[in-house]
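Student: Have a look at this fold, sequence not included:
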C-alpha cells in the first residue's frame, strides 16, 4: 500500500474511532450516575459492565500493540462481566476515559508502514489494518449497546432522552439544513 494512501487510511480510522467515542460520550453524558449500574433484565449488562469490558479490552489490545499479543495474560475477560458490588460512577467514567485515551493515543502514534505489520490476538495473526478494523467494529457494537441501555434506563427512570441522531421524521429537514436536497425521483 502506498505511503500516502496508508497515511490517509490511518487518519480515517482515527476519525472513526473518535466518532465512536463521541457517540458513547454523548450517551454517558445523559445518564445520571445513579443509573449507570441499572440493566434491563437479570441477564443483561448494565452500562457500567459494558464500560468495564471495553476498558479491559482496550488496555489489553493497545498496551504494547505492535510488540505483544493483544490478549494479555493479566486480563480477566470473564471478570469484566461480573457485577459484584455496584461500581462507583467516578470509577466507571475513569475506565471509559482511560481506555479511550490509550486507544486513541496508540492509533494516533501508528505510522503508514505499521499497517503492513502483523500483530497477534489470542495467538491468531492479523495485519495491523485488520486488527484496527476488528476493534473498530467491536467498539461500535458495544457503544451501540451503551446508547440503547442508557436511553432505556433514563426513560424508565422518567428522564428525558435527547436523541443522538436525526429525529424520527426529520430527515428531509435535516438534509435541507445541511445543504443537501434530493428529490425522491433522484433516488431511483
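Tutor: Good, I have the coordinates. The model shown is predicted, which means the values in this text are computed figures rather than measured ones. Residues are numbered from 1 along each chain as shown.
Student: tell me the contacts of residue 122?
Tutor: 69-71 (Cβ atoms under 8 Å, 6 or more residues apart in numbering). The C-beta positions use only the backbone N, C-alpha and C, and glycine is treated the same way.
Student: now it: how far from residue 38?
Tutor: Note on residue 122: its distance to residue 38, by Cβ to Cβ, to the nearest Å, is 32 Å.
Student: sorry, back to before: which among the contacts of residue 122 end up buried?
Tutor: Buried members of the contacts of residue 122, counted by 16 or more other Cβ atoms under 10 Å: residue 70.
Student: of all the contacts of residue 122, which comes closest to residue 16?
Tutor: residue 70 (18.8 Å; Cβ to Cβ).
Student: For that closest one, pull up the helix or strand it's in.
Tutor: Using DSSP states H and E, residue 70 sits within no helix or strand.
Student: can you give me the strands in this protein?
Tutor: Secondary structure of the chain, counting by DSSP state E: strands at 118-121, 124-127.
Student: a markdown table for those strands, including distance to residue 80 and mean pLDDT?
Tutor: Output for the strands of the chain, formatted as a markdown table (distance: least, Cβ to Cβ, whole Å; pLDDT from 0 to 100):
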| stretch | distance to residue 80 | mean pLDDT |
| --- | --- | --- |
| strand 118-121 | 16 | 98 |
| strand 124-127 | 20 | 98 |
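Student: Quick one, which of those gets closest to residue 24.
Tutor: Closest of these to residue 24 is strand 118-121, at 22.1 Å (criterion: Cβ to Cβ).
Student: Would you check how far apart residue 12 and residue 137 are?
Tutor: For residue 12, the distance to residue 137 - Cβ to Cβ - is 15 Å.
Student: Pretty sure residue 92 sits against residue 52.
Tutor: Yes. Using Cβ atoms under 8 Å, residue 92 is in contact with residue 52, at 7.4 Å.
Student: Need the pLDDT of residue 40.
Tutor: What the model reports as pLDDT for residue 40 is 89.
Student: Quick check: closest non-adjacent residue to it.
Tutor: Distances taken as Cβ to Cβ, 6 or more residues apart in numbering place residue 152 nearest to residue 40, at 5.4 Å, with adjacent residues excluded.
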